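[1] The sequence and its predicted three-dimensional model are supplied below.
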Amino acid sequence: MTHSLHAPVSALIRTVAREVVLHHYQDLAQHQIAEKTPGDLVTIADKESEKRLSAGLADILPSASIVGEEAVAADPALIERVNDSTAWIIDPIDGTHNFAHGHPPFGIIIALVEGGETVAGWLYDPLADRMCHAVRGGGAFINDEIVLARESGEALPIAAISTMYIPEPRRAALAAAIDGKFAMVDIPRCAAEQYPRLVLGQNDVTLFERTLPWDHAAGVLFTLEAGGHAARLDGSPYRPGDQRRGMLAAASPAMWNKAAAIII
């Protein structure tokens, strides 16, 4: 069953997507796009979306801390709030690089964390009006219909792997290990799209180097609750407050094991 806060959170996400995110989509002036760090963009829409989402989530659950991607960019110490008793984690526009360049995919991601564990998550694609939702122990849903993860069924499993943040010599070793065992495809540069691709049988495996909580807390839960698998490279569970790098996700536990034996 969906989370008890699913209706108000989903309504908030859709409202902010319509009134802020899509309002600015393909209509950004150059001065409305900036670099936080080289290659890491932020737009006026990210900032406005986070402000609206933060206020709305505070109204829905006033006792919860709020950890937003852009707030943490301004004050890195705020990331420690993911370990509070209850916290909202916000990615106001996931896939900002795509959004800023006027093309999909991009989305909004919200996670609810209790005691350091993700208990609910939302990944929303505004262009498709696709709401992915998961509840710890309660299943995974797309637009309120339960969904079960499935593999692609291709002879060579489909691997979406970015080597962007992987240093040499690991990068070359990874490419050699995968060659002939997986069919490599481009990543969407958007976790709100990548996790659904695993669950919907479009990709079989994906490897993440950076595992920031606003990108991954909701998606990991969505994958697990749908029957897929996601874990650290040593097999330990992903926790939003764990700032280690590296995570492998797959459409099934068997596919995760197969990929881990080759990649790790």
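    That came through fine.

[2] Show me which positions of stretch 75-91 end up buried.
    Across stretch 75-91, burial judged by 16 or more other C-beta atoms under 10 Å covers 79, 81-84, 87-91. (Each C-beta comes from the backbone N, C-alpha and C, glycine too.)

[3] With stretch 111-120 instead?
    Neighbour-count burial for stretch 111-120 [16+ other C-beta under 10 Å]: 111-113, 118-120.

[4] same deal with stretch 145-153?
    Residues of stretch 145-153 classed as buried by neighbour count (16+ other C-beta under 10 Å): 147, 149-152.

[5] tell me which of those residues is nearest to residue 5?
    If you rank those by distance to residue 5 using C-beta to C-beta, residue 147 comes first, at 19.7 Å.

[6] This structure - how does it break down into domains?
    5-146, 158-261 (the TED database).

[7] pLDDT averaged over the shortest one, what's the number?
    Read it as domain 158-261. When pLDDT is averaged over domain 158-261, the result is 94.

[8] same thing with the longest one?
    In this model, domain 5-146 carries a mean pLDDT of 97.

[9] Excluding covalently adjacent residues, which one is nearest to the most far-flung residue of the chain relative to its centre?
    Most distant residue from the mean C-alpha position of the chain: residue 180, 28.1 Å away (C-alpha atoms, centre = their mean). What sits nearest to residue 180 in space, not counting adjacent residues and going by C-beta to C-beta, 6 or more residues apart in numbering, is residue 156, at 8.0 Å.

[10] Who are the contact partners of that neighbour?
    180-183 (C-beta atoms under 8 Å, 6 or more residues apart in numbering).

[11] if we can go back for a sec, what two of the buried residues of stretch 145-153 have the greatest distance between them?
    For those, the farthest-apart pair by C-beta to C-beta is 147 and 152; their separation is 15.4 Å.

[12] Tell me where the stretch 51-200 of the chain has strands.
    Counting by DSSP state E, counting those that start in this stretch, the stretch 51-200 of the chain has strands at residues 65-68, 86-94, 107-114, 117-125, 130-135, 139-142, 145-146, 158-161, 183-185.

[13] Isn't residue 54 up against residue 68?
    Yes: judged on C-beta atoms under 8 Å, residue 54 makes contact with residue 68 at a distance of 5.7 Å.

[14] Mind giving me the packing neighbours of the longest helix seen in the chain?
    For the chain, the longest helix by residue count, based on DSSP state H, is helix 44-60. In terms of contacts (3 or more C-beta pairs under 8 Å, 6 or more residues apart in numbering; DSSP states H and E), helix 44-60 is packed against helix 6-16, helix 22-24, strand 65-68, helix 69-74, strand 86-94, strand 107-114.

[15] Could you rerun that using 7 Å?
    helix 6-16, strand 65-68, helix 69-74, strand 86-94 (3 or more C-beta pairs under 7 Å, 6 or more residues apart in numbering; DSSP states H and E).

[16] need the contact list for residue 144.
    Going by C-beta atoms under 7 Å, 6 or more residues apart in numbering, residue 144 touches residue 2.

[17] send the alpha carbons of stretch 219-234 over as PDB?
    Below are the C-alpha coordinates for stretch 219-234, written out as PDB (Å, rounded to 0.1, in the frame of the first residue of the first chain):
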ATOM      1  CA  GLY A 219      15.500   5.300  -6.200                       C
ATOM      2  CA  VAL A 220      17.200   2.600  -4.200                       C
ATOM      3  CA  LEU A 221      14.000   2.000  -2.200                       C
ATOM      4  CA  PHE A 222      11.900   2.000  -5.400                       C
ATOM      5  CA  THR A 223      14.200  -0.700  -6.900                       C
ATOM      6  CA  LEU A 224      14.300  -2.800  -3.800                       C
ATOM      7  CA  GLU A 225      10.500  -2.700  -3.200                       C
ATOM      8  CA  ALA A 226       9.900  -3.600  -6.900                       C
ATOM      9  CA  GLY A 227      12.100  -6.700  -6.400                       C
ATOM     10  CA  GLY A 228      15.300  -5.500  -7.900                       C
ATOM     11  CA  HIS A 229      18.500  -5.000  -5.900                       C
ATOM     12  CA  ALA A 230      20.800  -2.200  -5.100                       C
ATOM     13  CA  ALA A 231      23.700  -2.200  -2.700                       C
ATOM     14  CA  ARG A 232      27.200  -0.900  -2.000                       C
ATOM     15  CA  LEU A 233      30.000  -2.600  -3.900                       C
ATOM     16  CA  ASP A 234      30.800  -4.600  -0.800                       C
END
